[in-house]
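Student: please find the sequence and the predicted model below.
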Protein chains: 2
Amino acid sequence: MEHKTLYFENDMLKLIDQRILPLEIQYYTAETYQEVCEAIKKMVVRGAPAIGACGAYGYYLAVKQYIDEDKELFLEKMSSAKKELLATRPTAVNLGWGIKKIEKELKKEIKKDLDKKSILNNILKIADQIAEDDIKTNKKIGNFGNKLIEIGDNILTHCNAGALATVGYGTALGVIRAAHNSDKQIRVFMDETRPRLQGASLTAFEMKAENIPATLIVDNTAATLIRDKKIDKIVVGADRIAKNGDTANKIGTFMLSVLAKEYNVPFYVAAPISTIDFSIDNGSQIDIEIREDKEITEIRSVQIAPEDIDVYNPAFDVTPAENITAIITEKGIIRPPFIENINKLKSN
Amino acid sequence: MEHKTLYFENDMLKLIDQRILPLEIQYYTAETYQEVCEAIKKMVVRGAPAIGACGAYGYYLAVKQYIDEDKELFLEKMSSAKKELLATRPTAVNLGWGIKKIEKELKKEIKKDLDKKSILNNILKIADQIAEDDIKTNKKIGNFGNKLIEIGDNILTHCNAGALATVGYGTALGVIRAAHNSDKQIRVFMDETRPRLQGASLTAFEMKAENIPATLIVDNTAATLIRDKKIDKIVVGADRIAKNGDTANKIGTFMLSVLAKEYNVPFYVAAPISTIDFSIDNGSQIDIEIREDKEITEIRSVQIAPEDIDVYNPAFDVTPAENITAIITEKGIIRPPFIENINKLKSN
């Protein structure tokens, strides 16, 4: 991709503003952790791996903001900054994962009684490493996933698990990029993905930028394409995966998984291992974020429904492990039995 | 409903403009059959029973436009008017049904060699009868359907099969109105129904106008609600029903039917008998209308996808009879075996 999802420069986190893509390309600048929180909440940036990296940079910015305070106040401020960052989006596990990585390093540095400048330098390095690793991880996911793709496959994807959902390259779209780049003559079918239309605005933007053949559909059309054998594979991303393989992802994913099972279409989840939450046994323990009514009643500020209508707007749903053919990670393809095979990953 | 979907007055067909509801209430006036064609094509008016009545009035207007020509030219003009009217929307069978009813009357009148004024009067009566009958039919559908609804039911509906899809009262929403009016304390869940958002803009408008408790969701959310037993019944309309019960309805209906079957939720189709196409054996013979890309790439003139992206936009899908619990008609509730029970209706 010509444009970067995010980069960190001169102590500023720069984020491509995904609320106005594909029509305008503008960068949002966060110089404080509060501005990072705003960007995540308002979905300037979204996608589990991308907000994982943002969480890390946000935490770094908080350290920078408070490091001159005395130690007790500093730790107090950091504790509340962490809480605020974690509260921005409750479902994606990578956010906590990124923050915890930095926090661990910070605690080490404090113990060693390093000077402030060194502490800042060292934890920024960890944040940069998380961002860099994400791209490498996605390329590995892409390569593993590509083994599952056959020449001429029509691949359905939901939401945007692309370069824009990660630091770069993408998870589900990483698989698609790898398949396209190895000349497999694939075609992508993109669910537009209401309410926020990430498929129409972000996946379509990415596919067009790289000339990957792609067709946009409304979410309602997927079922007929699946039944009529117009879809050979379904590849989606993930926001949180439980130890048994149950997977939270963008609302609508579960619907696709039921259709895939009914009509024998392979259903793949592409996600880094950081998306696996080893602290939960199954999907019922995943907190599903409920977002504001306006995401449904207004589209890009145009009102489409009557005033004050009651709305129910969960951002994610949970696909049960039994509907998933395999999970594509940077360490390889995990197949059922998921409980056993996910557990092996942990011990690796 | 306070507002009428359509009415005919002083040789003008007045249509509430459904493209701008719920924000504005404006009537579109058609004084020629060509203006009726435009209104149907552009979806000023939509819904199989409503366009059935419009087809009838459109045909009447064509007769009025050409009746002063000599007989040969008149018949030629009428033949092409009929073709144009039928071509406006290929999927809904009621359009042809309404036109044929008038055409039959016209042929009778011509045979009898009646004067022009009488011909016009007589065929207008038939068109008015079609419109009046539609409301009566829908009330009967509502009453039969109400027998299937239990106290406290949560009812999911897709698109708008309401007063706005008919001359009044509605089919699927007729069932919902009847249940609400008999104090069954129901709640309606409304799929917003992309691409044209008839659920968000029309069903929500109708439910609000009559204070029927209703919650708006994106189409992607239905699956989780169905799985989690938050939906007790699904009731939808129909655009064309084959002799075996296969049913064409708004894109997304088929998806709901698969989920309903998987999770044992009753799935009802509410439609007048005029929606049954006794000339086709099954759903594979139903012509599915493909509509323009802009319905997906623009929402109320706001662009949401990149320029020139490839789009696939079928307006309808086909739900196989095996996924349908029952079809609610004005003559009663038809249950499987549909081939047998639909055939009985024909002979009645």
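Tutor: Yep, it's here.

Student: which residue is most remote from the mean position of chain A?
Tutor: Among residues of chain A, the one most distant from the C-alpha centroid is residue A:70; the distance is 36.1 Å, by C-alpha atoms, centre = their mean.

Student: next, give phi and psi for that one.
Tutor: Dihedral pair for residue A:70: phi -70, psi 160, per degrees, to the nearest 10.

Student: any idea which element residue A:83 lies in?
Tutor: Assignment of secondary structure by DSSP states H and E places residue A:83 within helix A:71-87.

Student: and that helix, what other elements does it pack with?
Tutor: Packed against helix A:71-87 by the contact rule (3 or more C-beta pairs under 8 Å, 6 or more residues apart in numbering or on different chains; DSSP states H and E) you find helix A:33-41, helix A:48-66, helix A:94-111. Placement of C-beta: from N, CA and C, glycine included.

Student: restrict that helix to CA atoms and write it as PDB.
Tutor: The C-alpha trace of helix A:71-87 is given here as PDB (Å, rounded to 0.1, in the frame of the first residue of the first chain):
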ATOM      1  CA  LYS A  71       7.100   8.200  41.300                       C
ATOM      2  CA  GLU A  72       3.900   7.600  43.200                       C
ATOM      3  CA  LEU A  73       1.900  10.000  41.200                       C
ATOM      4  CA  PHE A  74       3.500   8.700  38.000                       C
ATOM      5  CA  LEU A  75       2.400   5.200  38.800                       C
ATOM      6  CA  GLU A  76      -1.000   6.300  39.600                       C
ATOM      7  CA  LYS A  77      -1.300   8.300  36.400                       C
ATOM      8  CA  MET A  78       0.000   5.300  34.400                       C
ATOM      9  CA  SER A  79      -2.500   3.000  36.000                       C
ATOM     10  CA  SER A  80      -5.400   5.300  35.000                       C
ATOM     11  CA  ALA A  81      -3.900   5.900  31.500                       C
ATOM     12  CA  LYS A  82      -3.800   2.100  31.000                       C
ATOM     13  CA  LYS A  83      -7.400   1.800  32.100                       C
ATOM     14  CA  GLU A  84      -8.500   4.500  29.700                       C
ATOM     15  CA  LEU A  85      -6.600   3.000  26.800                       C
ATOM     16  CA  LEU A  86      -8.100  -0.500  27.600                       C
ATOM     17  CA  ALA A  87     -11.600   0.900  27.800                       C
END
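
Student: compute the inter-axis angle for that helix and helix A:33-41.
Tutor: The directions of helix A:71-87 and helix A:33-41 differ by 10 degrees, with axes from the mean of the first three to the mean of the last three C-alpha atoms, to 10 degrees as the criterion.

Student: may I see the buried residues of helix A:71-87?
Tutor: Residues A:74, A:77, A:78, A:81, A:82, A:84, A:85, A:86 are the ones in helix A:71-87 that count as buried (16 or more other C-beta atoms under 10 Å in any protein chain shown).

Student: what does stretch A:177-195 give?
Tutor: Using 16+ other C-beta under 10 Å as the test for burial, stretch A:177-195 gives A:177-180, A:184, A:186-195.

Student: likewise for stretch A:211-218?
Tutor: By neighbour count, with 16+ other C-beta under 10 Å as the criterion, the buried positions of stretch A:211-218 are A:212, A:214, A:215, A:216, A:217, A:218.

Student: and the residue nearest to residue A:173 when sequence neighbours are not counted, how many residues sit next to it?
Tutor: Across the structure, with C-beta to C-beta, 6 or more residues apart in numbering or on different chains as the measure, the residue nearest residue A:173 apart from its sequence neighbours is residue A:162 (3.5 Å). When neighbours are defined as other C-beta atoms under 10 Å in any protein chain shown, residue A:162 has 30 of them.

Student: ok, residue A:162 touching residue A:203?
Tutor: Yes: Residue A:162 is in contact with residue A:203 according to C-beta atoms under 8 Å; the separation is 5.8 Å.

Student: any common contacting residues for those two?
Tutor: residue A:173 (C-beta atoms under 8 Å, 6 or more residues apart in numbering or on different chains).

Student: and the longest helix for chain A?
Tutor: Ranked by residue count, the top helix of chain A under DSSP state H comes out as helix A:116-146.

Student: and the helix or strand that it is followed by, how far out from the chain middle?
Tutor: Past helix A:116-146, further along toward the C-terminus, the next helix or strand under DSSP H and E is strand A:154-157. Strand A:154-157 has its average C-alpha position 18 Å from the chain's average C-alpha position, going by C-alpha atoms, centre = their mean, to the nearest Å.

Student: before we move on, what about stretch A:325-335?
Tutor: Centroid separation for stretch A:325-335 versus its chain: 17 Å, with C-alpha atoms, centre = their mean.

Student: ok so, going back, need the pLDDT of the residue nearest to residue A:173.
Tutor: Looking at residue A:162, its pLDDT reads 97.

Student: quick one, what contacts the closest residue to chain B within the stretch 1-150 of chain A?
Tutor: Residue of the stretch 1-150 of chain A nearest chain B, by C-beta to the nearest C-beta: residue A:22 (4.5 Å). Neighbouring residues of residue A:22 by C-beta under 8 Å, 6+ apart: A:201, A:202, A:204, A:205, A:208, B:305, B:306.

Student: now do residue A:24
Tutor: Residue A:24 sits next to residue A:17 when contact means C-beta under 8 Å, 6+ apart.

Student: quick one: low-confidence ranges for the stretch 1-150 of chain A?
Tutor: Applying pLDDT under 70 to the stretch 1-150 of chain A flags residues A:1.

Student: who in it is up against chain B?
Tutor: Of all the residues in the stretch 1-150 of chain A, those in contact range of chain B (C-beta under 8 Å from any C-beta of the partner chain) are A:22, A:23.

Student: ok, back up a step: A strand includes the residue of the stretch 1-150 of chain A closest to chain B, no?
Tutor: No: counting by DSSP: H, G, I helix; E, B strand; the rest coil, one finds residue A:22 to be coil, located in no strand.

Student: just the terminal-to-terminal distance for stretch A:179-195.
Tutor: Looking at stretch A:179-195, the gap from its leading to its trailing residue is 29 Å under the measure C-alpha to C-alpha, to the nearest Å.

Student: any idea of the mean pLDDT for that stretch?
Tutor: Throughout stretch A:179-195, pLDDT has a mean value of 98.

Student: touching chain B at all, it?
Tutor: Yes: for stretch A:179-195, a contact with chain B is found by C-beta under 8 Å from any C-beta, at A:189, A:192, A:193, A:194, A:195.

Student: now do that stretch: distance to the chain's middle.
Tutor: From the chain centre to the centre of stretch A:179-195 is a distance of 17 Å (C-alpha atoms, centre = their mean).

Student: same question for stretch A:269-289.
Tutor: 12 Å.

Student: mind listing what's buried along it?
Tutor: Of all the residues in stretch A:269-289, those buried under the rule 16+ other C-beta under 10 Å are A:269-277, A:280, A:283, A:286, A:288-289.

Student: give the rounded mean pLDDT of that stretch.
Tutor: What stretch A:269-289 shows for mean pLDDT is 96.

Student: restrict it to CA atoms and write it as PDB.
Tutor: Coordinates of each C-alpha in stretch A:269-289 appear next as PDB, following Å, rounded to 0.1, in the frame of the first residue of the first chain:
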ATOM      1  CA  VAL A 269     -10.000 -17.100  10.300                       C
ATOM      2  CA  ALA A 270      -6.600 -15.300   9.800                       C
ATOM      3  CA  ALA A 271      -5.100 -13.700  12.900                       C
ATOM      4  CA  PRO A 272      -1.900 -13.300  14.800                       C
ATOM      5  CA  ILE A 273      -1.400 -15.400  17.900                       C
ATOM      6  CA  SER A 274      -1.700 -12.100  19.900                       C
ATOM      7  CA  THR A 275      -5.400 -12.300  19.100                       C
ATOM      8  CA  ILE A 276      -5.800 -15.500  21.100                       C
ATOM      9  CA  ASP A 277      -7.000 -14.800  24.700                       C
ATOM     10  CA  PHE A 278      -5.500 -17.700  26.700                       C
ATOM     11  CA  SER A 279      -7.400 -16.500  29.700                       C
ATOM     12  CA  ILE A 280     -10.900 -17.400  28.400                       C
ATOM     13  CA  ASP A 281     -12.200 -20.900  27.700                       C
ATOM     14  CA  ASN A 282     -14.900 -20.000  25.200                       C
ATOM     15  CA  GLY A 283     -16.700 -17.200  23.300                       C
ATOM     16  CA  SER A 284     -19.400 -16.700  25.900                       C
ATOM     17  CA  GLN A 285     -16.700 -14.900  28.000                       C
ATOM     18  CA  ILE A 286     -16.000 -12.300  25.300                       C
ATOM     19  CA  ASP A 287     -17.300  -8.800  26.000                       C
ATOM     20  CA  ILE A 288     -19.200  -7.600  23.000                       C
ATOM     21  CA  GLU A 289     -19.000  -3.800  22.400                       C
END
